[in-house]
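Participant: here is my input; please provide its structure:
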Amino acid sequence: MTRTLLLAISLSLVACSGDDQPSPENPRQTLSIPETTFSGEYSAEDFDLAQPVDYWEIRLGAIPGLGSDEFERLMTFDESTYEALDDTQKAILEETTVLDTGFGAQCRPMYCPVYAVSLTGFDATVIDSDALLLEFFGDIDTEAELFVYLTHTPNLSVLTPLAFEANDEGYIVHVAWDSQCLVRGENLIQVSPDGTIETLEELSQEETEICV
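Facilitator: A predicted model of the protein is given here:
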């Protein structure tokens, strides 16, 4: 079962179960919440990639349909490594873009793709799908990979990783989720090395007045 389907089932249960659901006023926690928080700032050494690369970065592309290949760098690994590239390598990076695909998205309710580009020598590779990101990482086995995967890969809800703990099956993660339409909450999830996500416990849920 894919992680997107698992999250869909989880959120459907949250939406349909009524007043018996956990909430900030009525928590129903049985598992221990991880205490190790995510730093959110990572260098190239914090990733255990499947294959070595000279440099890579995560980007936010333009809204498709505007005919623009401009992008914003969301994360770079690392800035000093980028500066050490020669002019030809930098030009290759600048010319390697995507217009409408990504392993994540922003600009809601519009769509701007989130994707990555890696550089090995003078060869640039676009990483613009969930499957390609997992292939690039290999197993999810570092904090940095876990953070990037949960923050940027597409889900029915926006996930914010809060804290984590390694276990025999991968990682238990405390996440905040926001459907971006009238409901948000916090869950404990299990993330396996292959990227499979399972909801372990629904910690809280609350209604909002925001829908985008």
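
Participant: do you know the pLDDT at the closest residue to Thr151 other than its chain neighbours?
Facilitator: Nearest residue to Thr151 in three dimensions, chain neighbours excluded: Pro161, at 6.3 Å (C-beta to C-beta, 6 or more residues apart in numbering). (Glycine included, C-beta is placed from N, CA and C.) With respect to pLDDT, Pro161 scores 96.

Participant: is it correct that Pro161 is in contact with Phe38?
Facilitator: Yes: the pair Pro161 and Phe38 passes the contact test of C-beta atoms under 8 Å, sitting 5.2 Å apart.

Participant: common neighbours of those two, please.
Facilitator: Shared contacts of Pro161 and Phe38, defined by C-beta atoms under 8 Å, 6 or more residues apart in numbering, comprise 146-147.

Participant: these two - which one has more neighbours?
Facilitator: Taking neighbours as other C-beta atoms under 10 Å, Pro161 and Phe38 compare with Pro161 leading, 22 against 19.

Participant: which strand or helix spans that one?
Facilitator: Taking DSSP states H and E as the criterion, Pro161 maps to strand 158-167.

Participant: and that strand, how far out from the chain middle?
Facilitator: Distance, stretch centre to chain centre, for strand 158-167: 11 Å (C-alpha atoms, centre = their mean, to the nearest Å).

Participant: got the buried residues for it?
Facilitator: 158-159, 161, 164 (16 or more other C-beta atoms under 10 Å).

Participant: which one among those gets closest to Thr88?
Facilitator: Pro161 (36.7 Å; C-beta to C-beta).

Participant: who's in contact with the closest one?
Facilitator: Going by C-beta under 8 Å, 6+ apart, the list of residues near Pro161 reads 38, 146-147, 150-151, 173-175.

Participant: can you check Glu70 too?
Facilitator: Glu70 touches 61-62, counting by C-beta under 8 Å, 6+ apart.

Participant: now the lengthiest strand in the chain - C-alpha only, CSV.
Facilitator: In the chain, taking DSSP state E as the definition, the longest strand is strand 197-211. What follows is strand 197-211, C-alpha atoms only, in CSV (Å, rounded to 0.1, in the frame of the first residue of the first chain):
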residue,chain,number,x,y,z
ILE,A,197,4.5,5.8,5.9
GLU,A,198,2.1,4.3,8.4
THR,A,199,0.1,6.3,10.9
LEU,A,200,0.6,4.9,14.4
GLU,A,201,-1.5,7.3,16.5
GLU,A,202,-3.6,10.4,16.0
LEU,A,203,-2.6,12.8,18.7
SER,A,204,-4.8,15.8,18.1
GLN,A,205,-7.2,17.4,15.7
GLU,A,206,-8.7,20.9,15.5
GLU,A,207,-10.8,22.8,13.1
THR,A,208,-9.6,26.0,11.4
GLU,A,209,-11.2,28.7,9.3
ILE,A,210,-8.7,28.4,6.5
CYS,A,211,-9.3,26.6,3.2
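
Participant: excluding sequence neighbours, find me the nearest residue to Thr125.
Facilitator: The nearest residue in space to Thr125 (C-beta to C-beta, 6+ apart) is Ser118, at 4.9 Å.

Participant: ok, which stretches of the chain are strands?
Facilitator: Under DSSP E, the chain gives strands at 36-37, 55-61, 71-77, 104-106, 112-120, 123-127, 158-167, 170-178, 181-191, 197-211.
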